[in-house]
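In: the sequence and its predicted three-dimensional model are supplied below.
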Amino acid sequence: MYAIYVIEPEPMPRQGLVRTIEEEPDLAVCGEAATAAEAMAHLHAHAHVPDLLILELDLPDLNGLDLMRRLHGRHPDLPMLAMSGQAEAICAEQVLRAGGRGYVVRYEPIPVIRTAIRQVLTGHYYLSERVADELYRAVAGSRHPLLPLPSDVLSPREMELFELLGRGLDTHAIADRMQVRVTTVESYRNRIREKLNVARTADLILLAAKWVQEERVCYSRRGCRRRR
């Protein structure tokens, strides 16, 4: 059973989200909060860290991004899924930089919300379709206009990691898949950032996701080709 903590200031949306979660047989809400202070006090008082934290970014006492940064600092392995009424790429990008694993535009259909929850729970990243395309274009366009082609500069092993990163796997999941240590994954990732001239990990994730989205596939030790 997955334990999910919900932070939402408005009672009606919070009740709806809780209901959506608890309709799933393997999901349960382990706590609720209307403010950042309430959530932090509750999480600090309980030794058990939830399997997933879902929060609305527009909180009455603290910016949701600041809360995410604080929680990520205390619990770096806690998956966080942010929700907001802003269908803007910059919001999703800020969520990734703050340590979040997903971003959902508020009032998405229930199946979309459930998909986002499942993706993040299983170690993947999730971005609402409304903002994902804009983010991919930003990374591939004006932000890094002279990016080298990954398959031209990365080794087969680096390409393997790059593709796994683009498919939404986190550091631990990549380490398990590649059968290496977490520190090795981090070393590979830093090397890839240097080779691709990408300053931030969040931008590297978006670039890798765009590579996968464009149906380029990497085969370990066999190079990369475009999927036909």
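Out: Cool, got the structure. Treat the numbers as computed from the prediction; the structure is a model and nothing was measured.

In: buried stuff in the strand or helix carrying Val112?
Out: According to DSSP states H and E, Val112 maps onto helix 110-121. Neighbour counts over helix 110-121 (16 or more other Cβ atoms under 10 Å) mark Ile113, Arg114, Ala116, Ile117, Arg118, Gln119, Val120, Leu121 as buried. Yep, even glycine has a C-beta here, placed from its N, CA and C like the rest.

In: quick one: it to chain centroid distance?
Out: Relative to its parent chain, helix 110-121 has a centroid offset of 12 Å by Cα atoms, centre = their mean, to the nearest Å.

In: pull up the pairing partners for whatever helix or strand comes next after it, direction included.
Out: Toward the C-terminus, helix 110-121 is succeeded by strand 126-127 as the next helix or strand (DSSP H and E). Here strand 126-127 has these sheet partners by DSSP bridges: strand 102-105 (parallel).

In: that older thread, dump the buried residues of helix 110-121 to CSV, plus pLDDT.
Out: CSV is the format used below for the buried residues of helix 110-121 (pLDDT from 0 to 100):
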residue, pLDDT
Ile113, 93
Arg114, 93
Ala116, 93
Ile117, 95
Arg118, 94
Gln119, 90
Val120, 93
Leu121, 93
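
In: closest to Leu169 out of these?
Out: Within the buried residues of helix 110-121, the smallest distance to Leu169 is 10.9 Å, found for Gln119 (Cβ to Cβ).

In: okay, domains of this structure per the record?
Out: Domain segmentation of the chain under automatic domain parsing yields 2-133, 144-226.

In: comparing those by mean pLDDT, which bottoms out?
Out: Confidence, taken as mean pLDDT, is least for domain 144-226 of the domains of the chain (a mean of 77).

In: and that one, how far out from the chain middle?
Out: Domain 144-226 sits 16 Å away from the centroid of its parent chain (Cα atoms, centre = their mean).

In: how near is the residue nearest the centre of the chain to Asp51?
Out: Residue closest to the mean C-alpha point of the chain, counted by Cα atoms, centre = their mean, is Arg101 at 2.0 Å. For Arg101, the distance to Asp51 (Cβ to Cβ, to the nearest Å) stands at 12 Å.

In: right, and Gly64 touches Leu55 too?
Out: Yes. Contact criterion Cβ atoms under 8 Å: Gly64 and Leu55 qualify, at 5.7 Å.

In: mutual contacts of these two, please.
Out: Listed as contacting both Gly64 and Leu55 by Cβ atoms under 8 Å, 6 or more residues apart in numbering are Ala82.

In: can you give me the helices in the chain?
Out: With helices called from DSSP state H, the chain shows them at 11-22, 36-45, 64-74, 89-97, 110-121, 129-138, 150-153, 156-166, 171-178, 182-196, 201-213.

In: out of those helices, which gets nearest to Val29?
Out: Closest to Val29 of the helices of the chain is helix 11-22 (Cβ to Cβ; 5.0 Å).

In: contacts for the closest one?
Out: Helix 11-22 is contacted from outside by 4, 6, 8, 27-29, 32, 34, 54, 56, 106, 110, 113-114, 117, using Cβ under 8 Å, 6+ apart.

In: narrow those to those that are buried.
Out: Buried members of those, scored by 16+ other Cβ under 10 Å, are 4, 6, 8, 27, 29, 32, 34, 54, 56, 106, 113-114, 117.

In: out of those, which is nearest to Ala47?
Out: Of all the buried ones among the contacts of helix 11-22, Ile4 has the smallest distance to Ala47: 17.2 Å, by Cβ to Cβ.
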